[in-house]
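1. with the sequence up front, the predicted model follows.
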Amino acid sequence: MNHLDNLPIPPETVYTPDSELRHPWAFFRALARDFLASGEMAWVILVRNIKGKYRQTLLGFFWAFVPPIVTTLAFVLLESQQIISGKGVGIQYGAFVMVGSLLWQGFVDAVHSPLRMVNSSLSMLSAVRFPRETLILAGLGECLFNFAIRLVLLLFVFLYYGLPLSWSLALAPFAVLLLLIAGFVIGLALIPLGMLYHDVEMGLGIGISLWFFLTPVAYATPAEGLLAKVNAWNPVTPLLVTTRELITGTALSQSGSFALVAAASAVLFVAGLAVYRLSMPHIIKRAKV
């Protein structure tokens, strides 16, 4: 008997000219199935990416700490020279900025991750058939890993500034995850256009830099004025502010807005995965040309 007869039969795939959205229930069921089945391969890609990122560096994981440390030192220096004011933050200014910078860096990583993962995996996407949701799951895992590394800085904040341990700290991981998901929603939305025009990736850094100053990372949320109106419409504001308040044990000031943005982020994340799934065949076809 031929030994090939013992091999498992691969699942049948039927290609039709009809849009997958003509059968939405089947489409989202397949999306959920592939996303949940991507765990093992996502882990392999995650480990490969982490090793590749730090393999040829002298300082290794220290580079994960650099952005929040530099941001904190810069703003603490500005505050100490009374160039900016640290009034109204509720806790020591250094702790306030450090926690905000950690959360902001996690959000930025999540925004960049989808487009970066697809760009770096184009050759594999063209040569190997596997659930495309694997890249998104691996990217989310990498963002969580980077944030977990930076928890060392959070421990330093609690010890150095003597912040009390509050019951709200137990809810902080869920808030962090929602903040990352919000970043992924933006990153997923950028993939189709970003794969066509590299201007998107190059302009993203400029947009993120501007967004930083429009988000209360290093200052208390203003109560009035133009910046107050901008913060009110900034979807990252309630996520970042509430997560920081949960970590530091201060009173929640934007819990209603947080719930609204969190619910919207969860819905848009699923919608983003659907757009990603629909656009990937076209992206892969274009990459082969």
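-> Sure, I can see it.

2. so after the helix or strand encompassing F147, what's the next helix or strand?
-> If you go by DSSP states H and E, F147 is part of helix 133-161. Sequence order places helix 172-196 as the next helix or strand after helix 133-161, per DSSP H and E.

3. got the buried residues for that next one?
-> Of the residues in helix 172-196, 172, 175-192, 194-195 count as buried by neighbour count, 16 or more other CB atoms under 10 Å. In this view, the C-beta of every residue, glycine as well, is placed from N, C-alpha and C.

4. over to stretch 203-217?
-> Buried residues in stretch 203-217 (16+ other CB under 10 Å): 204, 211-212, 215-217.

5. return the member of those residues nearest to M41.
-> Top of the list for closeness to M41, among the buried residues of stretch 203-217 and by CB to CB, is L204 at 26.9 Å.

6. who's in contact with the closest one?
-> Contact analysis of L204 by CB atoms under 8 Å, 6 or more residues apart in numbering lists 111-112, 115, 190, 194.

7. name the residues of the helix ranked longest in the chain that are buried.
-> Identified as the longest helix of the chain according to DSSP state H is helix 255-288. Neighbour counts over helix 255-288 (16+ other CB under 10 Å) mark 257-258, 261-262, 265, 268-269, 272-274, 276-277, 279-280, 283-284 as buried.

8. worst-scoring helix or strand of the chain, pLDDT-wise?
-> Least confident element among the helices and strands of the chain, by mean pLDDT, DSSP states H and E: helix 122-127 (a mean of 76).

9. which residues does the most centrally placed residue in the chain contact?
-> Central residue of the chain (CA atoms, centre = their mean): A110, 2.0 Å from the mean position. If you count contacts by CB under 8 Å, 6+ apart, A110 has them with 140, 143, 179-184, 186-187.

10. and it, which helix or strand is it part of?
-> Per DSSP H and E: helix 93-120 holds A110.

11. gap between C143 and G183?
-> For C143, the distance to G183 equals 8 Å [CB to CB, to the nearest Å].

12. low-confidence ranges, the stretch 151-289 of the chain, go.
-> 287-289 (pLDDT under 70).

13. thinking again about what came up before, joint contacts of C143 and G183?
-> With CB under 8 Å, 6+ apart, C143 and G183 have common neighbours 106, 109-110, 113.

14. neighbours of N234, how many?
-> 18 (other CB atoms under 10 Å).

15. among the buried residues of helix 255-288, which one lies nearest to V241?
-> F258 (7.9 Å).

16. ok, now which ones touch that closest one?
-> 175, 238-239, 241-242, 252.

17. now for S255: which residues touch it?
-> T242.

18. helices or strands up against the strand or helix carrying E245?
-> For E245, the host element (DSSP H and E) is helix 236-248. For helix 236-248, the packing partners by 3 or more CB pairs under 8 Å, 6 or more residues apart in numbering; DSSP states H and E come out as helix 93-120, helix 172-196, helix 255-288.

19. just the CA coordinates for that helix, please, in CSV.
-> Extracted in CSV, the C-alpha atoms of helix 236-248 (Å, rounded to 0.1, in the frame of the first residue of the first chain):
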residue,chain,number,x,y,z
VAL,A,236,-7.6,57.2,23.4
THR,A,237,-8.1,59.7,26.3
PRO,A,238,-10.7,57.7,28.3
LEU,A,239,-8.9,54.4,27.7
LEU,A,240,-5.5,55.7,28.8
VAL,A,241,-6.8,57.9,31.7
THR,A,242,-9.0,55.2,33.2
THR,A,243,-6.3,52.5,32.9
ARG,A,244,-3.8,54.8,34.6
GLU,A,245,-6.4,55.6,37.4
LEU,A,246,-6.9,51.8,37.9
ILE,A,247,-3.2,51.2,38.2
THR,A,248,-2.5,54.1,40.5
